[in-house]
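Undergrad: got a structure for you, letters missing:
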């Protein structure tokens, strides 16, 4: 298996990217990411057939202009399994695992970043496999300046950490939901 490309650019890379894109504002060809929608549909169908999940499909407001986008959720029948949601955006996907894990595929659709659609499909499959195998871990941490969430995704070829701030109400809600201690989501149950 080849290694997956980096997840998100660092601050210096982001500044360099912004300078390059600002110099060429029309440097986008987002049609090349249509492959992601097809791959996500195939993956969702496969997961629905193989695992004990409830599939919910809706149109939901998304983004600054609140455009409606197709959203598919797979919710394991066992409450210990982490849910998965895929928002079919333009040009790609927004993937959500559990309570806080979120990832845009592609991170940036511009020609300067030149993210490979086939590499993004591999990332989608690798990250979803880690989720299904029980590799998602989440918790709330309290600090002097407030609360924040921490997530970790571990699987074959995947070891990623993310964190972010939580509002006071969001932190309270999460702690009531059992996230004050680390929560390791269980593997999804297979259909027999």
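TA: All right, it came through fine. As the structure is a computational prediction, the values presented were derived from the model and not from experiment.
Undergrad: Using the record's assignment, carve this structure into domains.
TA: Per automatic domain parsing, the domain ranges recorded for the chain read 28-132, 136-184.
Undergrad: which residues of this structure fall in helices?
TA: 11-23, 34-50, 117-132, 168-174 (DSSP state H).
Undergrad: in the chain, which ranges drop under the pLDDT threshold?
TA: Applying pLDDT under 70 to the chain flags the ranges 1-30, 109, 111-112, 114.
Undergrad: circling back to that earlier point, take the domains of the chain and lay them out in CSV including mean neighbour count and distance to residue 192.
TA: Yep, even glycine has a C-beta here, placed from its N, CA and C like the rest. Shown next, in CSV, are the domains of the chain (neighbours: other Cβ atoms under 10 Å; distance: least, Cβ to Cβ, whole Å):
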stretch, mean neighbour count, distance to residue 192
domain 28-132, 17, 9
domain 136-184, 15, 24
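Undergrad: which one of those domains lies closest to residue 191?
TA: domain 28-132 (5.7 Å; Cβ to Cβ).
Undergrad: Can I get the helices of the chain in CSV including distance to residue 75?
TA: What follows is these, written out as CSV (distance: least, Cβ to Cβ, whole Å):
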stretch, distance to residue 75
helix 11-23, 34
helix 34-50, 11
helix 117-132, 13
helix 168-174, 18
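Undergrad: closest to residue 69 out of those?
TA: Closest among these, once you apply Cβ to Cβ, is helix 34-50, at 11.0 Å.
Undergrad: ok, back up a step: closest one to residue 141 among the helices of the chain?
TA: In terms of Cβ to Cβ, the element of the helices of the chain nearest to residue 141 is helix 168-174, at 9.2 Å.
Undergrad: what does the closest one contact?
TA: For helix 168-174, contacts defined as Cβ atoms under 8 Å, 6 or more residues apart in numbering pick out 99, 140, 142, 146-147, 149, 166, 180.
Undergrad: now the domains of the chain in CSV, with distance to residue 191?
TA: Listed next are the domains of the chain as CSV, based on distance: least, Cβ to Cβ, whole Å:
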stretch, distance to residue 191
domain 28-132, 6
domain 136-184, 21
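Undergrad: wait, which of those is closest to residue 190?
TA: Once those are compared by Cβ to Cβ, domain 28-132 is nearest, at 6.0 Å.
Undergrad: chain center to the closest one, what's the gap?
TA: 7 Å (Cα atoms, centre = their mean, to the nearest Å).
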